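> Quick check, what structure comes out for this input:
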Amino acid sequence: MKRAIIGHAADKFTDHTESLAKEAIRDILKPEYILVSGGCHLGGIHIWAEEIAKELGCYDKDHIHHPKIRRWEGGYKQRNLRIAEDAEEVYVIVVDKYPPNYTGRRFNICYHCKVDTHIKSGACWTALKAIRLYNKDGYWVIISGNEE
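Numbers count the residues shown, from 1 in each chain. Modelled structure (predicted):
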């Protein structure tokens, strides 16, 4: 089975939420699965999933879909559609709130999912495409930013 694991770039995580995200990846990815992901140059879920897949022996570079260019059209959009089509299941790992030191653009809701239970991620767009276009199963893992 091919499982996509996608989600936020590294700048959306604290040390605590990164640790929880890696734990979630280990729960999702098992040696009998093949990882499908997007090789995000910004680190985060894509890269952590690749590292863990290599440890588990379920990494295959043919299922890591890098964008041809770093723009939406001709790049990320087509990469995300390849992920949606290639995977049998799609797992989106996102955080519920921005970390205190986050300086990037902020949104009040995830406008892809139309919810305020997690912050916006292009991974949500990808998973929704997998569900709607290819009848794939999609799952969200929302990591709490509370460090209690």
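> Now tell me what touches stretch 56-64 from outside.
Identification of contacts with stretch 56-64 by Cβ atoms under 8 Å, 6 or more residues apart in numbering yields 2, 29-39, 50, 53, 86. Just so you know, the C-beta spots here come from the backbone N, C-alpha and C atoms, and that holds for glycine as well.
> And stretch 65-83, by the same measure?
4, 6, 36-39, 41, 86, 90, 122, 125-126, 129-130, 133.
> at 7 Å what do you get?
Contacts with stretch 65-83, where a contact means Cβ atoms under 7 Å, 6 or more residues apart in numbering, come from A4, I6, V36, S37, G38, G39, D86, G122, W125, T126, K129.
> Strands - which of the residues you listed land there?
Residues of the contacts of stretch 65-83 located in strands (DSSP state E): A4, I6, V36.
> Any chance of these in TSV with pLDDT, distance to I143 and neighbour count as columns?
Below are the ones in strands among the contacts of stretch 65-83 laid out as TSV (pLDDT from 0 to 100; distance: Cβ to Cβ, whole Å; neighbours: other Cβ atoms under 10 Å):
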residue	pLDDT	distance to I143	neighbour count
A4	98	17	31
I6	98	14	29
V36	98	20	28
